[in-house]
Each structure stands twice: as structure tokens, then as C-alpha cells.
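Trainee: Quick one, what's the 3D model for this:
(one chain, ligands or ions: 2)
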Amino acid sequence: MAVTTPITTSPRSTGPAFGATVLGTPRVGPDRELKRATESYWAGAIDRTELERVAARLRSDMWAGLRAAGIDAIPVNTFSFYDQMLDTAALLGALPGRVAHIADDLDRYFAAARGTAQVAPLEMTKWFDTNYHYLVPEIAPHTAFRLDATSVLDDLDQALREGIAARPVLIGPVTFLALSKGVDGLSDPLTRLDDLVPLYRELLTHLHAAGAQWVQFDEPILVTDVSDETLDRAARLYRSLSEQQVRPSLLVATYFGDTGGALDRIAGAGVEAIAVDLVSGGLDAVTGSDALGDTLVVAGVVDGRNVWRTDLDRALARLEAVRAVAGSVAVSTSCSLLHVPYSLAAETGIDATLSSWLAFGDEKVAEVVTLATAVRDGAESIGAALSDSRAAAGQRSADPRVRNDTVRATVEAERRHRTRSTPATRRRVVQQQELGLPLLPTTTIGSYPQTTAIRVARADLRAGRIDGDEYTARMRAEIAEVVRLQEKLGLDVLVHGEPERNDMVQYFAEQLDGFFASERGWVQSYGTRCVRPPILYGDVARPDAMTVDWFRYAQSLSAKPVKGMLTGPVTILAWSFVRDDLPLADTADQVALAIRQETVDLEAAGARIVQVDEPALRELLPLRASERPRYLDWAVGAFQLATSGVADTTQIHTHLCYSEFGDVIGAIVDLDADVTSIEAARSHMEVLDDLESVGFDLGVGPGVYDIHSPRVPSVEEIVDSLGEALAVVPAERLWVNPDCGLKTRGTDEVVASLTNLVAAAKQVRAEL
Ligand code: GLN
Ligand code: ZN
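Mentor: Numbers count the residues shown, from 1 in each chain. Ligands and ions are numbered 1, 2, ... in the order given. You can find the predicted model right below:
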């Protein structure tokens with residue numbers, strides 16, 4: 001009798017192999033169903049059962065769609081009622097103590113997200129270098145982590161009942177803590193990583209028992225410059241999770257950049273699979289790795305955050321390179337599809353040619369499946385798809401709309417004229433002669449409340465119920481109202497209020513050549529808020545002036561200076577889907593040139609002040625420090641190109657917000673804007689210290705109150721803020737303004753707040 005060697009049970013619980021997956025999915029619904037249902041729930045118009053019914057159907061439809069398309073490992077738990085970081089805080093029992101008294105778990109969750117009359121919400125900030133905002137969990141030294149896996153287990157259960165090959169997705173503990181904020185004296189939340197290990201182990205046990213064969217931990221923090229200590233901690237954590245005997249297989253997902261040396265550390269920790277973003281350049285880390293062994297590499301070759309059709313040849317070459325070094329390879333998107341619209345099929349106004357260059361969510365899923373087929377059966381098996389891909393690429397690069405030689409030549413010629421010839425201190429003198437402003441001039445950032453009349457006018461125009469003349473008349477009425485209000489309040493520098501702008505980027509994109517504005521291409525920005533980023537597909541040119549008529553009308557109503565109001569090149573790029581066939585720096589200069597032409601036209605129309613907003617300057621800052629100088633160089637250069645075409649007497653303002661500016665202080669100085677209004681109210685004017693410490697000597701308007709809250713600031717409070725500001729900035733350079741535009745506020749709050757702002761400025765002026 002033959003002796004058979006006993007089969008040893010491997011400590012590794014390897015889940016079924018898969019070939020085609022995506023790292024995550026959008027969740028707001030193809031028709032923004034979740035947005036509507038959630039807002040109805042908040043308004044009390046539907047109950048929780050109805051909201052959950054909508055949510056369950058959206059999940060079900062998403063999974064069914066992925067399965068039908070041929071995805072053989074389907075991410076679940078990528079649904080969220082608000083945000084995945086907030087979900088993780090709830091999972092770990094780490095919601096802030098101030099919402100603990102709210103009995104209903106869903107209402108408690110929403111309270112942490114949005115606040116209530118009694119409690120402040122969590123802070124919100126940008127998710128890496130995307131335009132998605134997550135809620136920042138607060139971790140204290142004593143936060144008592146406690147697992148509550150109900151939500152993920154319910155999701156998994158629903159999926160398994162529907163016969164889905166489900167892979168629950170969780171934010172990895174390293175990323176979770178690295179993005180959290182330490183409170184109550186905890187300086188670094190990562191120091192609490194070991195406390196999370198037992199919870200994650202317990203979670204793995206539950207997921208395994210419930211039938212999950214794979215689980216995905218998202219660790220995008222690993223593509224940033226994490227310290228060696230953090231890497232050690234991460235490796236230790238994944239080692240201890242992999243050592244657990246009974247568990248699903250582990251996929252650690254990195255995205256938004258090159259994983260670099262972190263790849264080997266994580267692969268070496270014994271996880272079964274690792275996802276890498278090969279669109280943003282992680283290939284060298286993979287091919288250079290000697291730690292992959294039999295690790296499954298989930299190769300992100302289909303761009304999850306831009307809208308271009310994948311070049312299948314290039315993707316195949318990358319897959320081949322991975323296959324040469326890895327145990328096995330699966331095809332994936334580079335990151336979650338959260339960042340792109342659902343489907344091109346929803347776009348009716350797009351021409352077939354342009355459409356053939358693009359891929360939204362559904363189309364990307366199909367690309368993943370096609371590429372997985374090629375990996376499995378050879379490139380010959382996708383011959384037709386390859387020739388379509390080549391044809392589209394060839395057609396795109398030859399299309400006359402993509403290239404405008406006049407624009408390229410003008411950019412080339414104007415590039416040298418980036419800086420204003422007179423130094424800022426001398427410009428200030430001539431501008432002051434021109435403007436005759438009091439010390440501590442008061443102003444606002446641009447927009448005034450978006451009234452019902454404005455929304456109705458916009459809807460009427462879209463529906464064809466009114467014509468362009470009637471629309472213009474209604475917008476002018478709004479402008480007149482806002483100018484009258486500012487005169488009455490006694491502000492020194494006025495704005496027209498921006499009623500005609502649906503959005504500060506889209507408004508310009510709709511008027512510039514080279515942009516396509518999608519109709520249904522909604523992408524979640526935060527919670528129930530969605531944006532529709534324009535698609536920048538060709539060289540940018542400005543056929544006509546974009547803002548001059550509105551400005552001229554507003555200025556005709558007042559003897560006080562009205563600011564011309566524009567969006568800067570970096571922000572226009574940050575909030576659009578950008579080209580992948582031209583360096584961003586070149587596109588930035590093209591947009592800058594268009595804005596420059598507009599500043600010159602505004603000046604000719606009588607504008608003495610032109611404001612060029614760059615709230616997204618910080619947002620595009622590369623995740624790796626080594627890439628930052630190059631970015632700042634072109635970003636600042638584009639702003640300078642946009643703003644240096646005017647006379648010394650014309651005062652250039654800029655406005656920055658939505659971020660902490662510590663990393664870009666030098667760049668703010670280099671913008672050389674005569675006046676910078678900057679968000680500061682929530683950080684107690686700290687940014688002023690930073691600016692002054694590097695020798696800033698231009699005008700600055702630190703926001704003296706937070707416009708994100710409906711609270712009306714008192715005169716005393718604003719006086720105090722100005723006092724703090726004057727301790728650092730001399731009165732000749734200090735401006736008085738709110739933190740940001742007023743478009744989300746109600747008129748009554750705005751009137752009350754600005755009344756106090758003007759009173760405070762007068763009081764402080766009198767004491768100077
Ligand atoms: N001028 C714009 C406004 O006031 C600026 C908006 C912004 O900074 N996001 O609305
Ligand atoms: Zn702002």
C-alpha cells in the first residue's frame with residue numbers, strides 16, 4: 001500500500017483566485033437617488049425604513065451590474081450613508097463623545113457628520129489629492145475602541161444572499177489613524193495602532209464566519225511619505241493579522257501614487273494580495289520587488305479617477321511586466337470608482353467622437369474585464385477591443401479640437417511675461433492713490449446668498465421658459481440688490497455677488513474652448529453634495545469675454561470700486577477632469593492665458609481691482625514632498641501669468657481657503673497678489689504668523705469669521721480677531737473680510753454678520 005504524505009493545512013487561508021475586480025464603487029446612485037433619499041430623511045419626509053430600502057436597492061443594483069459585466073470579485077461595504085472614514089469611526093466605536101447621547105444609531109452617525117443645534121460636527125477635509133472630502137475622526141488618549149460590525153456584516157449578508165462573490169472593503173487601521181485628529185492631548189493617533197489590533201482580528205473572525213473569503217484593507221496612506229516608524233508599525237500590524245489562522249484572505253490596497261518601499265514591507269508581512277496603482281506610476285516598485293513571492297498583485301491599470309478611455313496596449317504592457325515578477329495578477333481599477341461618474345450612457349449631449357475617447361464607471365468596468373480576458377487567454381482574445389482602443393487613440397490625437405496652434409504660440413510668447421515689473425510695495429502706493437481706501441478696508445469674497453429667485457431663473461432658462469434677455473434682466477436685478485445692500489452696509493470694496501455662476505469652475509468651463517460640460521456626470525464631493533466636474537479635452541482658448549458685462553453693470557451702480565471676479569487656473573484644473581495627453585503645467589498656462597485676457601478686458605472696462613480665486617492651490621499639492629517644488633513652480637507660474645497683464649494701478653486680489661496653508665506659505669508669497677484674502681477664522685489667525693515669518697509684505701485679509709456656520713459673529717469677537725491680526729500685520733496692509741463666499745448662507749445672517757463686520761472695522765480704525 002502506498003504511503004501518502006498527509007496533507008498539511010496551510011496557515012494561509014487563500015481565498016478563491018480572481019482575475020477582474022474594482023477597488024470600490026460610487027454609491028450616491030446613477031440618478032443621485034441616495035442624495036435625494038438622505039435629504040428627504042433629514043427633512044423628515046421619509047423614515048429610516050424607506051431610506052434603507054433605497055440604500056439596499058442601490059447596493060443590489062451595483063453588485064448585479066458588476067457581476068453581469070464579468071467582475072469576479074466584487075467589493076462590498078463600499079456603500080456609505082455619508083463617508084467611509086466616518087463609517088470606520090462608527091465600526092471602531094470611535095464616534096466623538098459629544099454625539100453619544102443620541103439614541104438612534106443612524107441619527108448619531110448623521111450628527112457626527114453634520115452637527116445638530118447642540119453639537120458641532122467632525123471636521124471635514126480633502127481625501128488625499130482628490131476633491132472628495134472625508135470626515136476627520138477624533139481620537140483621544142482614552143478613546144475606548146469597541147467593535148460594532150453590524151453595518152459591514154449586514155452588507156456582506158445582503159451580498160451573499162444575492163449570490164455575490166463579495167469582498168468587504170474596510171479602511172485600513174494605519175490610514176484610519178493617520179488621517180484622524182488627536183484630541184484631548186493625544187498628539188499622534190498612530191500611537192494607538194496596537195489598540196486596534198484585537199478589534200481588527202475579531203472583525204476578521206466575524207467576516208470569515210459570515211462567509212467572506214477575501215477582505216480588502218484600504219491603505220492609501222502608504223503612497224505618502226510615511227516615516228519608517230509608521231512603516232514598521234504597519235508591517236507589524238499586517239503581520240499579526242496574517243498570522244491569525246481562521247480568517248479571510250487579506251488584500252491590502254494602495255492607491256493615488258507609487259507605493260515605493262512600502263510595497264515590500266506589506267508584501268513581506270504575509271498578506272495574500274496587494275493592490276497597486278499603476279496609473280500613477282507604481283510599476284517600478286512592483287518590478288523591483290523581491291518580496292512578492294506568491295503574493296497576488298491586483299494591478300490598477302484602469303484609471304479610477306479620470307475619465308479617459310484606457311489605452312489597452314499600454315495597460316497590457318504593464319500587466320505583462322507585473323506578471324513577470326508576481327505570483328499571480330488580477331486586473332483592477334487604480335482606485336475606487338467613487339471619483340468618476342457612473343456611466344457615459346447617461347450623457348445625451350455628447351458627440352460620438354468625444355464620447356469614444358472617454359470611459360466613466362461602467363465603461364471602466366468593461367475595460368477591466370477585457371484586460372482580464374487578455375491576461376487569461378492572451379492578447380489575441382481581445383483583438384477587436386484592441387483595435388477599437390487604437391482607433392480611438394489615433395482619432396483623438398489627430399482631432400483638430402485637441403490642438404490649437406494659435407494658443408500654443410501665444411502661450412509660448414507670453415510665458416516670459418509672468419511677473420509684474422514693479423515691486424509690490426511701489427504698486428501699493430499707486431493703487432492707494434487710485435482707490436483712496438480707508439485703513440482696514442472692508443470687503444467680501446464674491447458670492448452672496450443664492451436666492452430662490454436665482455435658482456428659479458436658472459431653471460426657467462434651462463427649461464426654455466424664459467429667453468436669454470429675460471435671464472439677464474433677472475440676474476441684473478440680483479446684482480443691483482447686492483450692490484445696494486453693500487452700499488447700505490457701508491462696505492468699502494464691493495462685489496457683484498456672482499448670481500450668474502452655478503459653480504465657480506463650471507461657469508468658466510462652459511465659456512472656454514477645450515472643455516466639455518457633462519450633463520449627468522455627478523461625482524460625490526462630500527455627504528449628499530455632488531459636483532459635475534467639466535472635462536478638459538483640448539487646448540484652452542477664450543473666444544469671448546466671460547465676465548465683463550456683469551462687472552460693467554455692477555460698477556455702473558456704484559462709485560465705490562467693484563472687484564472683477566475670476567477663478568484661477570490651478571482651481572479650474574483641480575475641479576475638472578484634466579487631459580492625460582498634455583502635461584498639467586502646459587494646460588495650466590493655457591488656462592492662465594485665458595484668465596489673463598479676461599483681467600485685461602476687465603481693466604479696460606473700468607475694474608480697478610480684479611480678484612483671481614485659487615482656493616484649490618493646496619489641494620493639488622503632490623502627496624510626495626519630492627514632487628512638490630515642481631508643482632509649486634508651475635502652479636505659481638500660472639497664477640502669475642494670469643495676473644501680470646494689468647497696469648500697476650490695477651490691484652490684484654486672490655482668495656485661498658479650504659485648507660491649512662503651512663506647506664505652501666512660500667508659494668503664497670510668490671503669487672505676488674497685491675491682496676490675499678485667506679481662511680483664518682477657525683485657526684485663530686495662525687496663518688498670519690506663518691506668512692509674516694517669511695517676510696510677506698503684501699495686503700492680507702484673514703477671514704474674521706467662519707462662513708460655514710450660521711452663527712452671527714458679534715462686534716467684539718471681530719474686534720478681537722482684528723486685534724490678533726494687528727499684532728502681526730501693520731494696519732496699512734490689513735483688510736477686513738469673511739472667510740469665504742457667502743453663497744451658502746441666508747440673507748438675514750449675512751446682513752447681521754456684515755453689519756457687525758463693518759462696525760468692528762470702524763471701531764478698530766478709530767483706535768489706531
Ligand atoms: N469668489 C468665490 C465666492 O465667493 C470664492 C469661492 C471659494 O473660495 N470657494 O463664492
Ligand atoms: Zn473660499
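
Trainee: buried ones in stretch 514-528?
Mentor: For stretch 514-528, burial by neighbour count (16 or more other Cβ atoms under 10 Å) applies to 514-518, 520-528. C-beta coordinates here come from the backbone N, C-alpha and C atoms, glycine included.

Trainee: Dump those residues to JSON lines, plus pLDDT.
Mentor: Converted to JSON lines, the buried residues of stretch 514-528 look like this (pLDDT from 0 to 100):
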{"residue": "514", "pLDDT": "97"}
{"residue": "515", "pLDDT": "97"}
{"residue": "516", "pLDDT": "95"}
{"residue": "517", "pLDDT": "90"}
{"residue": "518", "pLDDT": "90"}
{"residue": "520", "pLDDT": "93"}
{"residue": "521", "pLDDT": "95"}
{"residue": "522", "pLDDT": "97"}
{"residue": "523", "pLDDT": "97"}
{"residue": "524", "pLDDT": "97"}
{"residue": "525", "pLDDT": "95"}
{"residue": "526", "pLDDT": "94"}
{"residue": "527", "pLDDT": "95"}
{"residue": "528", "pLDDT": "95"}
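
Trainee: Spell out which residues belonging to the stretch 451-600 of the chain are near ligand 1, please.
Mentor: Applying Cβ under 6 Å from any ligand atom, one finds that the stretch 451-600 of the chain approaches ligand 1 through 498, 504, 565.

Trainee: How about the backbone phi and psi for the last one?
Mentor: When quoted as degrees, to the nearest 10, the phi and psi of residue 565 stand at phi -130, psi 110.

Trainee: Quick check: chain neighbours aside, which residue is closest to it?
Mentor: Leaving aside its sequence neighbours, residue 565 sits nearest to residue 446 (Cβ to Cβ, 6 or more residues apart in numbering; 4.9 Å).

Trainee: What parts of this protein come near ligand 1?
Mentor: Residues of the chain lying near ligand 1 by Cβ under 6 Å from any ligand atom: 445-447, 498, 504, 565, 613, 615, 655, 657, 740-741, 743.

Trainee: again, 8 Å this time
Mentor: Applying Cβ under 8 Å from any ligand atom, we find that the chain lies next to ligand 1 at 444-447, 495, 498, 501, 504, 565, 567, 571, 611, 613, 615, 655-658, 740-743.

Trainee: Out of the residues of the stretch 451-600 of the chain next to ligand 1, who's the most crowded?
Mentor: Neighbour tally across those (other Cβ atoms under 10 Å): the maximum, 28 neighbours, falls on residue 565.

Trainee: List the buried residues for stretch 289-303?
Mentor: Those would be 289, 292, 295, 296, 297, 298, 299, 300, 301, 302, 303, for stretch 289-303 by 16+ other Cβ under 10 Å.

Trainee: Low-confidence regions, the chain specifically.
Mentor: 1-13 (pLDDT under 70).

Trainee: From residue 683, how far off is residue 690?
Mentor: Note on residue 690: its distance to residue 683, by Cβ to Cβ, to the nearest Å, is 10 Å.

Trainee: residues in contact with residue 186?
Mentor: Residue 186 makes contact with 139, 140, 141, 192, according to Cβ atoms under 8 Å, 6 or more residues apart in numbering.

Trainee: Which element, helix or strand, includes it?
Mentor: Remark: residue 186 resides in no helix or strand, with elements defined by DSSP states H and E.

Trainee: Look up the closest residue to it, ignoring the ones flanking it.
Mentor: Once flanking residues are discounted, residue 186 sits nearest to residue 141: 4.7 Å by Cβ to Cβ, 6+ apart.

Trainee: Go ahead and confirm that neighbour touches residue 184.
Mentor: Yes: using Cβ atoms under 8 Å, residue 141 is in contact with residue 184, at 6.3 Å.

Trainee: so how many other residues sit close to residue 314?
Mentor: Applying other Cβ under 10 Å, we find 14 residues neighbouring residue 314.

Trainee: Just say helix, strand or coil for it.
Mentor: Secondary structure state of residue 314, per DSSP: H, G, I helix; E, B strand; the rest coil, is helix.

Trainee: Repeat that for residue 666.
Mentor: Under three-state DSSP, the three-state class of residue 666 is helix.
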